[in-house]
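1. please work out how this folds:
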Amino acid sequence: MHDVIVIGAGVAGLECARGLSKAGADVLVVDRADKPGGRCATRSFGGQPADYGPLFIHGRDVRFIAAVEQAAEGDCLPDWPLRRLGRGSPCQPDAYAPNEKRMALRGGINAFPRALAAGLPLKLNTQIVSIARTRGGMSVSSATGERLEGRNLVLAMALEQTMPFVAALEDAEGRDGILALLRLFISLPCLTVIAGYPRGAPVPDFDIQYPEEDHALMLLCNESSKRPGSPQVVMTYQAAPRWSRERMEMPKDQWARELVAAAARRLGSWADSPEWTHAHRWRYSRLDRANELAGPLEMRVGDSRVGIAGDLFSPGGGIQAAWLSGGKLAERLSQEPSKLDL
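-> Prediction:
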């Protein structure tokens, strides 16, 4: 019986677990992926990392910036992206506000959640399919039939993944109001391709490009510009939400080829012949920028507490909002130690 089970090893879930663990709680973090980080995703190709979720970190909260810089261990690229082309809409327009601090991580953006996860008990490769109230607290069941017990529960997943779990708690105080609130918001999809080009390929003269009036492309990112001396040009192409939604159920090879072709129309014919590609479906990539709440939510289920955290539950959106909401939820849950058996 754990004091708290956290479902979701993204930034919000990890920061919440860290706060609870520091307060003395026995915490277990569960995630269906094989590594922590959620949408802060990095893959390595021939030793060269490439980001394909958020492409850089930004924020103005000094605690958050300090946490990122500590995690990066001096491997930050400050003010990235420096060279921006196009007047299309960024995913997070606040990223370029005058008081906002921006940085890329040379080792990949996943270095931040990896640092948050250090020392925490993690149970990866475990997909939770149901939650239920028990006499002693809460139980969660995995797709393989494994059952985990906790006195309290934190849900730190994408909005659409969270709502079915909330709906299952029929006797939770305030459940109907929370469900009605969450249904007001929606996550946007994003189909993404990382493309590596042979030696001698032209090096783009931008760090990131936001095309205007492009039906397919939301942005083009020169990943190589984060890593001076990179042996090859590596690009990340991210599709616009509507284009992504229309192709979400298509075969991956088909939409990946279309997206690379759309990039080549902007960059030149060289971009249509990558040496290798990696395609990824983000079914729930980010929230609509207009969506945000002031703080995390909480429900009572008998003697247990169920908290909800994520980038929706703090102003500003993005990674900073996820981190702030996770920390704030940990503070709330720790305020009544009798409920956590601390």
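2. tell me the centre residue of this structure?
-> The chain has Arg39 as the residue nearest its centroid, 2.9 Å off, counting by C-alpha atoms, centre = their mean.
3. isn't there a helix covering Met103?
-> No: secondary structure of Met103 (DSSP: H, G, I helix; E, B strand; the rest coil): strand, not part of a helix.
4. specify the beta-bridge partners of it.
-> Ile57, Pro78 (DSSP bridges).
5. before we move on, back to that, that's a strand at the residue nearest to the centre of the chain, yeah?
-> No: using three-state DSSP, the assignment for Arg39 is coil, not a strand.
6. residues contacting it?
-> Arg39 sits next to 10, 53-54, 282, 285-286 when contact means C-beta atoms under 8 Å, 6 or more residues apart in numbering. From N, CA and C alone the C-beta is placed, and that goes for glycine too.
7. output the residues you listed as a markdown table; include the columns secondary structure and distance to Met138.
-> As requested, the contacts of Arg39 are exported to a markdown table (DSSP: H, G, I helix; E, B strand; the rest coil; distance: C-beta to C-beta, whole Å):
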| residue | secondary structure | distance to Met138 |
| --- | --- | --- |
| Gly10 | coil | 20 |
| Gly53 | coil | 29 |
| Pro54 | coil | 31 |
| Trp282 | strand | 29 |
| Ser285 | strand | 29 |
| Arg286 | strand | 29 |
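8. what is the lowest-pLDDT residue among those residues?
-> Lowest pLDDT of those: Arg286, 89.
9. surely that residue is in contact with Leu188?
-> Yes: with contact defined as C-beta atoms under 8 Å, Arg286 reaches Leu188; the gap is 5.7 Å.
10. and the closest residue to Glu173 other than its chain neighbours, what pLDDT?
-> Using C-beta to C-beta, 6 or more residues apart in numbering and skipping the chain neighbours, the partner closest in space to Glu173 is Arg300 (4.3 Å). Arg300 is assigned a pLDDT of 94 by the prediction.
11. what does Leu342 give?
-> 43.
12. same check, this time on Glu336
-> Value for Glu336, per-residue pLDDT: 64.
13. before we move on, what about Met163?
-> Per the predicted model, pLDDT is 96 at Met163.
14. what about it, which SS state?
-> Met163 - assigned by three-state DSSP - is helix.
15. my guess is it meets Leu181, correct?
-> No: using C-beta under 8 Å, Met163 is not in contact with Leu181, being 10.4 Å away.
16. look at these two and report which has more neighbours.
-> The neighbour comparison of Met163 against Leu181 (other C-beta atoms under 10 Å) goes to Met163, with 18 against 13.
17. need the phi and psi values for the residue nearest to Ala195 when sequence neighbours are not counted.
-> Residue nearest to Ala195 in three dimensions, not counting chain neighbours: Pro274, with 3.9 Å by C-beta to C-beta, 6+ apart. Backbone geometry at Pro274, expressed as degrees, to the nearest 10, gives phi -70, psi 150.
18. can you count the residues close to Pro274?
-> 23.
19. and the strands in the stretch 201-342 of the chain, which stretches?
-> Secondary structure of the stretch 201-342 of the chain (DSSP state E, counting those that start in this stretch): strands at 208-209, 217-222, 234-239, 276-287, 297-301, 304-308.
20. want to throw those strands into TSV with distance to Gln127?
-> Formatted as TSV, the strands of the stretch 201-342 of the chain follow (distance: least, C-beta to C-beta, whole Å):
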stretch	distance to Gln127
strand 208-209	33
strand 217-222	29
strand 234-239	26
strand 276-287	14
strand 297-301	22
strand 304-308	19
